[in-house]
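A.B. asks: Here is my input; please provide its structure:
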Amino acid sequence: MKTKILLFVILLLTVTALKAQSVSGYVYDEKEDIPLEGAFVYLDGTTYSASTDSNGAFSINTGQQLSAALVVKYMGYQTRIVQNPFSYEGKIKILLKEDAIKMEEVVINKKTAFSRKEMLQVFREQFLGKTKAGKSCKILNEDDIILYYDLATNTLKAEANKPIQITNKKLKYEVQFDLVDFQVHFGRKTLSPFAMQTSFYAGTSFFKDVSKKESIKEDRDEVYKGSLLHFMRAIAANEWNEEKYALYVESFPANPNDYFKVSDTLDYKKVTCLKTKVSIPETNVKIQMNKELSERTLEAPKERNIRFAVLHDGEQQSFFEMNADHFYIGSNGLFWPITSMVFGGYFGELKVGDMLPADYTYIDN
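C.D. replies: Next up is the predicted model:
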């Protein structure tokens, strides 16, 4: 009897594990409630995808549980993003709405102060990157990218009505990137890199490995080491030293455990920043206004965000500041919300050209 019970438990655990490593469901038209054949379904930031059959059905087997969102696309319909798809029991029924508004109608009247050629050059640099991998990338459908310069905020913005198709020659990937947001803010009306203040892009992505039988591991491992994906995996595993990361706080060496607490939350890690602010010396607290403008005294902020610096393997220098007191990291190294942190240095230089799929596995020889 005990043997049978034990066998039942083992089988139950096996079935549960297998179930957690796959996502399946149906894609339907929301209004007509009919199946949509040929919808493209993929896990964001990975190489896993599927297309729906005549019944609108799809199934993606990953062999592992990923913290990636499920993205569903179908021409003429609004893209649907399903968060935490592995948490669903049974098959997911996804309803898509028809996309009635075309992007060209929204942006047709936007004016700009610079030529498309000038703006496109900045877009390539801030979207693909200026590293070896970034420079090896080529956008196949640049005509689908709409660029404009907001004179009120000195910000270069970009939109796309179709996924941006990218070939990465160095890393041997074909990437589809659904651009959600792209902004580069300048301190004045210019496109000069010397006046650039912040750069931001967001969207979902799908990777197709086109390396065939070529030996690409060395190039991909080179990009992985010291990357944001690598760093997040090191934080989640609390393996700063093992992965050759050193933390500095306000230019001084620091113990990561004094500033970051990692705890288990369901199928991902919650990282709590124990201290995000630093006091400003009292001598800098008060600012005297120019007498020609006013006689009053302003109270300056008494604290500011801590600038955390990270050094990887004694070479790559990065820094980040926290916009929140916590964030989450999935088992594959993806973190969210992306607005919880602001990056600079080496991390800030890494763009789409240096992105690796979230299911990428690094094996140290």
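
A.B. asks: Could you tell me which ranges of the stretch 201-350 of the chain sit under the pLDDT cut-off?
C.D. replies: 213-214, 281-301 (pLDDT under 70).

A.B. asks: how about the strands in it?
C.D. replies: 245-249, 252-254, 260-265, 268-273, 277-279, 286-288, 297-299, 303-305, 308-312, 316-322, 326-329, 335-336, 341-345 (DSSP state E, counting those that start in this stretch).

A.B. asks: between these, which one is nearest to E222?
C.D. replies: With respect to E222, and counting by Cβ to Cβ, the nearest of the strands of the stretch 201-350 of the chain is strand 316-322 at 11.5 Å. Every residue, glycine included, has its C-beta placed from N, CA and C.

A.B. asks: Just the C-alphas of the closest one, formatted as CSV.
C.D. replies: Provided in CSV are the C-alpha atoms of strand 316-322 (Å, rounded to 0.1, in the frame of the first residue of the first chain):
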residue,chain,number,x,y,z
GLN,A,316,33.4,46.3,-17.1
GLN,A,317,32.1,49.2,-15.0
SER,A,318,28.4,49.9,-14.7
PHE,A,319,26.1,51.8,-12.3
PHE,A,320,22.5,51.8,-11.4
GLU,A,321,20.0,53.7,-9.2
MET,A,322,16.8,52.4,-7.7
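
A.B. asks: Buried residues, that strand. List them.
C.D. replies: Neighbour-count burial for strand 316-322 flags Q316, S318, F319, F320, M322 (criterion: 16 or more other Cβ atoms under 10 Å).

A.B. asks: Let me know which of the strands of the stretch 201-350 of the chain is the nearest to F194.
C.D. replies: Comparing these against F194 with Cβ to Cβ, the closest turns out to be strand 341-345 (15.7 Å).

A.B. asks: Just the residues contacting that closest one, thanks.
C.D. replies: Residues outside strand 341-345 that contact it (Cβ atoms under 8 Å, 6 or more residues apart in numbering): 228, 309-310, 316-324, 327, 335.

A.B. asks: what do you get if the cut-off is 10 Å, keeping everything else the same?
C.D. replies: 198-200, 228, 231, 273, 305, 307-311, 316-324, 327, 335, 347-350 (Cβ atoms under 10 Å, 6 or more residues apart in numbering).

A.B. asks: neighbours around Q126, how many?
C.D. replies: The burial count assigned to Q126 is 22, neighbours taken as other Cβ atoms under 10 Å.

A.B. asks: Over to the one 3 residues further on?
C.D. replies: When counting by other Cβ under 10 Å, one arrives at 20 neighbours for G129.

A.B. asks: ok, for P253, nearest residue in space, not its chain neighbours?
C.D. replies: The shortest distance from P253 to any residue other than its chain neighbours is 6.8 Å, reached at A246 (Cβ to Cβ, 6 or more residues apart in numbering).

A.B. asks: Which strand residues bridge that neighbour?
C.D. replies: Under DSSP bridges, the beta-bridge partners of A246 are L311.

A.B. asks: Please report the distance of it from K31.
C.D. replies: Using Cβ to Cβ, to the nearest Å, A246 is found at 56 Å from K31.

A.B. asks: Which residue of these two possesses the greater neighbour count?
C.D. replies: Neighbours per residue, other Cβ under 10 Å: of A246 and K31, the larger number sits with A246, 15 against 10.

A.B. asks: for the more buried one, what are its contacts?
C.D. replies: W240, P253, A254, P256, A309, V310, L311, H312, D313, G314.

A.B. asks: cool, G203 as well?
C.D. replies: 44, 71, 127, 160, 163-164, 176-182, 352.

A.B. asks: Just the ones in strands from these, please.
C.D. replies: V71, A160, I164, Q176, F177, D178, L179, V180, D181, F182 (DSSP state E).

A.B. asks: surely the first one meets A50?
C.D. replies: No: at 11.4 Å, V71 and A50 do not qualify as touching, with contact defined as Cβ atoms under 10 Å.

A.B. asks: any common contacting residues for these two?
C.D. replies: Shared contacts of V71 and A50 (Cβ under 10 Å, 6+ apart): F40, V41, Y42, L43.

A.B. asks: Could you report the pLDDT at the second one?
C.D. replies: The predicted local confidence for V41 comes out at a pLDDT of 95.

A.B. asks: That one - how many residues pack around it?
C.D. replies: Counted with other Cβ under 10 Å, residues neighbouring V41 total 27.

A.B. asks: Same question for the third one.
C.D. replies: A count of neighbours around Y42, defined by other Cβ under 10 Å, yields 26.
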